[in-house]
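1. the sequence and its predicted three-dimensional model are supplied below.
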Amino acid sequence: MITKASDAELQETPNDESVRRPGRAVGRGRAVGYKRRSRRALSVGEARSEADDAFRAALVDRVAVVVERELSQMSFPEAQSLALLPDHIMLSRLAEHSLSSPIDLKNRMALKGEERFREMLDRVGGAASLASVVNLLGTTEDAVRKHAERNTILAYRTPRREWSFPVFQFDQNKGVVYPGVKAFLKLTKDSEWPAEEKTRFLLVPYDPQLPGRETETPLDLLVDGQVERVMRMADRYLQQED
């Protein structure tokens, strides 16, 4: 079975550069701390469920993104002075900075869009890591990366530039991409259609007013093998976007 991606392959210890440039190391350091505590907890019999671990790891990644965003808006001397503070004061100062530094409307809308995208994915199983997909498909990391780069598997990059794969495209019982989804991706692989937008297209009901099929999505149709019908919908969708 596929587990949700943690979006991080973490180093055990920060290097000297991470100490000098706190804006590039805070997220990784926090995540490493969480991994270490997890291993100690498991060793004394306090094992968390897989779902709990996945949730906590995703939360750590989200916090890392927020911290990195705030640090990017600080001058380097400000970041240096922040790194010298105790943890609880450092976090307090970051929170104060976040509340006092205005973010323009476009960025606020983008952040809201990212949250909605994550929520949409979570409702259909979330996203899987590269290692999970390799295990499911019984292939190599190189082969999966090539599929991702060629858009023949639906994949997108995390903020840390790692591959993440929406789980809904896989038939986990058979260990394959659903044939209808595979055909759709093959037909659209050369388009300039970002993976996130393809995901939204596939997961949003195509006709909420249709009696008895108010929640049916293009993904449902692809799983049912109705590729041509979905391609016609995709053409109309892209024309509206233009």
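-> Yep, it's here.

2. could you count how many residues lie near Arg150?
-> The criterion is other CB atoms under 10 Å. On that basis, Arg150 has 12 neighbouring residues. Where you see a C-beta, it was placed from the backbone N, CA and C, and this is true even at glycine.

3. wait, isn't it in contact with Asp190?
-> No: with contact defined as CB atoms under 8 Å, Arg150 does not count as touching Asp190 (9.3 Å).

4. so where's this structure uncertain?
-> Judged by pLDDT under 70, the chain has its weakly predicted residues at 1-48, 97-113, 208, 241-242.

5. need phi/psi at the residue most central in space within it.
-> Among the residues of the chain, Thr158 comes closest to the average C-alpha position under CA atoms, centre = their mean, at 5.2 Å. Here is the backbone geometry of Thr158 (degrees, to the nearest 10): phi -80, psi 170.

6. verify the contact between it and Ser164 for me.
-> Yes: using CB under 8 Å, Thr158 makes contact with Ser164 at a distance of 5.1 Å.

7. would you map the helices across this structure?
-> All helices of the chain, identified by DSSP state H, fall at 16-20, 26-43, 50-72, 76-83, 87-100, 105-122, 130-137, 141-149, 179-188, 195-203, 218-223, 227-241.

8. OK, contacts around Leu137?
-> With contacts taken as CB atoms under 8 Å, 6 or more residues apart in numbering, Leu137 has the following neighbours: Val144, Gly175, Val176, Val177.

9. looking at these, which are in strands?
-> Filtering these for membership in strands, criterion DSSP state E, returns Val176, Val177.

10. of the contacts of Leu137, keep whichever come out buried.
-> The neighbour count (16 or more other CB atoms under 10 Å) marks Val144, Val177 as buried among these.

11. mind giving me a markdown table with the contacts of Leu137 and columns for distance to Asp53?
-> Shown next, in a markdown table, are those (distance: CB to CB, whole Å):
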| residue | distance to Asp53 |
| --- | --- |
| Val144 | 23 |
| Gly175 | 23 |
| Val176 | 27 |
| Val177 | 26 |
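
12. and which of the contacts of Leu137 is nearest Gly212?
-> Nearest to Gly212 out of those is Val177 (CB to CB; 28.3 Å).

13. residues contacting that closest one?
-> Contacts of Val177 (CB under 8 Å, 6+ apart): Leu137, Ile153, Gln169, Phe170, Asp171, Leu185.

14. repeat that with 7 Å
-> Val177 sits next to Ile153, Gln169, Phe170 when contact means CB atoms under 7 Å, 6 or more residues apart in numbering.

15. cool, and Thr215?
-> Here Thr215 is in contact with Pro205 (CB under 7 Å, 6+ apart).

16. share the number of residues neighbouring Arg160, please.
-> The local packing of Arg160 (other CB under 10 Å) involves 17 other residues.

17. what about it, distance to Val65?
-> Counting by CB to CB, to the nearest Å, the gap from Arg160 to Val65 is 9 Å.

18. check Met120 too.
-> Met120 sits 18 Å away from Val65 when distances are taken as CB to CB.
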